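J.: okay, here's the prediction I keep looking at, along with the sequence it came from:
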Amino acid sequence: MNATIEKEVVIKTESDIVVARRAVREGASALGFGLTDTTRIVTAASELARNIIKYAVEGTMVLHPLEDGTRTGIELTFVDHGPGIPDIAKAMKEGFSTSGGFGMGLPGAKRLMDEMDAQSAVGQGTTVTVRKWRRQ
Amino acid sequence: MTVRAKPRRPSGSAQHNPGPKGDDLLQVLVENVRDYAIVLLDPDGKVLSWSPAAQRLKGWATDEIIGQSFARFYPEEDIQRGKPQNELKAAGQDGRFEDEGWRVRKDGTRFWANVVITALRDNNGKLRAFGKVTRDLSERKEAEDKIKKQAQEILEMATIPVVQVWEGIVLVPLIGTLDSARTQQLMERLLQHVTDSGSPVAVIDITGVPAIDTQTAQHLIETVSAVRLLGAEVVLTGVRPVIAQTLVHLGVDLSSVATRSSLAAGLRTAMEMLSLAIVPKADKP
Amino acid sequence: MSASSITVVKVRDVLLVAMPSDPDDSVITALQEQAMRSMDQHEAKALILDISAVETLDSFFARTISETAQMVSLMGGRTIIAGMRPAVAVTATQLGLPLKRVETALTVERALDMVSLGKRQGSAR
Ligand SMILES: Nc1ncnc2c1ncn2[C@@H]1O[C@H](COP(=O)(O)OP(=O)(O)OP(=O)(O)O)[C@@H](O)[C@H]1O
Ligand SMILES: [Mg+2]
């Protein structure tokens, strides 16, 4: 049933950010998220997709429904093979930016979602996974 | 509809006429029951025959369904979980199985059904068939869901009431502690109400909030910020001396928010924001 | 969605821009350029952004609005965003979006009233 929700979006150009947002909006509402949570998830996705365009040139977003017996959720994984992040802990801090930005993308996305894992190796790329569970 | 009740014989031969036999009467009953769809299945679950009511409920033509597995009446995800076969097995073991859940019609639409499957055994105890009686309870289910939803709304209203006290002014009298989950509810309900009613002022009364900590204060500040993004203002009322003391000691900065000690004073402030004033009625000379 | 889809309407001495529901980055960038050009041409005293259709306000969009507002302010004008949706406002607050120098209004009508009455209503921060 959930096979239709599973989705992969290639993120290469700025307009792919819009494609990713739309896919996430559709997926989140199909999984039964309310309007406010859907907006949170879409906004987090927008931040993470934009980081790929900005720092890694290209990558992908994979949308995955979650089910753990009692709860339904959504998982978004952003993968790129760009320059990587030397110090993830630092990058996760509010206000840290190497591009003169506000450094709000990563910490903001974390606040909007329930869980975030980020892995990165310099020269190899970055993988950021975020999850959100539906409120009962 | 096919009713095969036999016409009465002429009364002349009454002496030899015992009337329709018991089996025939049962057949008439099965075919005329409207609210119960009756299906006869072989021991493997293939349809042997069904009543007109079953045809009406499920939508297949009789010759389309005879010989087909009764799994076709179940939603795809139930079939994958092996639900139809499990139900037959349970009925075979216990003699009877009852379930309430979604079933599908030929056109793919769903209905909420009460289903009883009964194992039919011959005198030697050999399983000969299953009888399946299905009742469409969609209307009851719909009514129940509606009541549940209303109860949920009443509960939300009771925990966080949002009241339109004046044109352009909404009031939220908060009672009890304000944790993150309630703040979420508060924000969503208040913001929706402000937008729907086009009210430029929201009065949040915290008279009923027993104590305030840094977290609660942070939640209030967040709510105020969100309301302002909509283009409305917040007046915080019911700030009692002890709460004012705590806020100052905690170093919480509420200076950007209009705060008033009493709800009455807060309502006056809200009116002023809308360029409204309450004036005493002039005494008659 | 192409950049040309941004229309700036002049009403008296106010510039009115209606944002589409899910604008891409080029549309948002075009908004800033168009708005600045029109401010200069018409010597408008306010820029009103109708964002009632907008479903997602991320940091890029918010930053562009905020920058535009600062530019408008340097030219002696004010910027009002009107009609933000509740779900967007909750998300923006939690994300901590910077919306400096931006005023807010419930509707475009109220934003117009604010300008003609020279009154301040809500402010984003
Ligand atoms: N996919 C990525 N690949 C490489 N570096 C990244 C990636 N994502 C984030 N970074 C690094 O982490 C820093 C922080 O990212 P974050 O999104 O929090 O802020 P920002 O992009 O700099 O600013 P903002 O998102 O507020 O515009 C970035 O400045 C960048 O150095
Ligand atoms: Mg970023």
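T.: It's in. Residues are numbered from 1 along each chain as shown, chains lettered A, B, ... in the order given. Ligands and ions are numbered 1, 2, ... in the order given.

J.: counting neighbours, what do you get for whatever residue of chain A ends up closest to ligand 2?
T.: Closest approach of chain A to ligand 2 (CB to the ion) occurs at A:Gly105, with a separation of 2.6 Å. No exception for glycine: its C-beta is placed from N, CA and C like everyone else's. Around A:Gly105 there are 26 other residues, counting by other CB atoms under 10 Å in any protein chain shown.

J.: if I pick it, what's in contact with it?
T.: Contact analysis of A:Gly105 by CB atoms under 8 Å, 6 or more residues apart in numbering or on different chains lists A:Glu47, A:Leu48, A:Arg50, A:Asn51, C:Ser59.

J.: for the fourth one, what are its contacts?
T.: Yep, that's A:Asn51 we're talking about. Contacts for A:Asn51 (CB under 8 Å, 6+ apart) come out as A:Phe78, A:Gly105, A:Leu106, A:Val128.

J.: can you do 6 Å?
T.: Counting by CB atoms under 6 Å, 6 or more residues apart in numbering or on different chains, A:Asn51 touches A:Gly105.

J.: can you show me the CA trace of the host helix or strand of it as CSV?
T.: According to DSSP states H and E, A:Asn51 maps onto helix A:35-51. The C-alpha coordinates for helix A:35-51 follow below in CSV (Å, rounded to 0.1, in the frame of the first residue of the first chain):
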residue,chain,number,x,y,z
LEU,A,35,-1.5,20.7,7.7
THR,A,36,0.8,22.2,10.3
ASP,A,37,3.1,19.1,10.5
THR,A,38,3.0,18.8,6.7
THR,A,39,4.2,22.4,6.5
ARG,A,40,7.0,21.7,9.0
ILE,A,41,8.2,18.6,7.1
VAL,A,42,8.1,20.4,3.7
THR,A,43,10.0,23.4,5.1
ALA,A,44,12.7,21.2,6.6
ALA,A,45,13.0,19.4,3.2
SER,A,46,13.3,22.7,1.5
GLU,A,47,16.3,23.7,3.7
LEU,A,48,18.1,20.4,3.3
ALA,A,49,17.5,20.3,-0.5
ARG,A,50,18.8,23.8,-0.8
ASN,A,51,22.0,22.9,1.1
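
J.: that one near ligand 1 at all?
T.: Yes: counting by CB under 6 Å from any ligand atom, contacts between helix A:35-51 and ligand 1 involve A:Glu47, A:Asn51.

J.: give me the mean pLDDT for whatever helix or strand comes next after that helix.
T.: Downstream of helix A:35-51, the next assigned helix or strand under DSSP H and E is strand A:59-67. For strand A:59-67, mean pLDDT rounds to 95.

J.: got it, and stretch B:123-132?
T.: Stretch B:123-132 carries an average pLDDT of 93.

J.: tell me where chain A has helices.
T.: A:14-30, A:35-51, A:88-91, A:105-112 (DSSP state H).

J.: what's the most buried one of those?
T.: Mean neighbour count (mean count of other CB atoms under 10 Å in any protein chain shown) peaks for helix A:35-51 among the helices of chain A, with a mean of 25.

J.: ok and it relative to helix A:105-112, angle-wise?
T.: The directions of helix A:35-51 and helix A:105-112 differ by 160 degrees, with axes from the mean of the first three to the mean of the last three CA atoms, to 10 degrees as the criterion.
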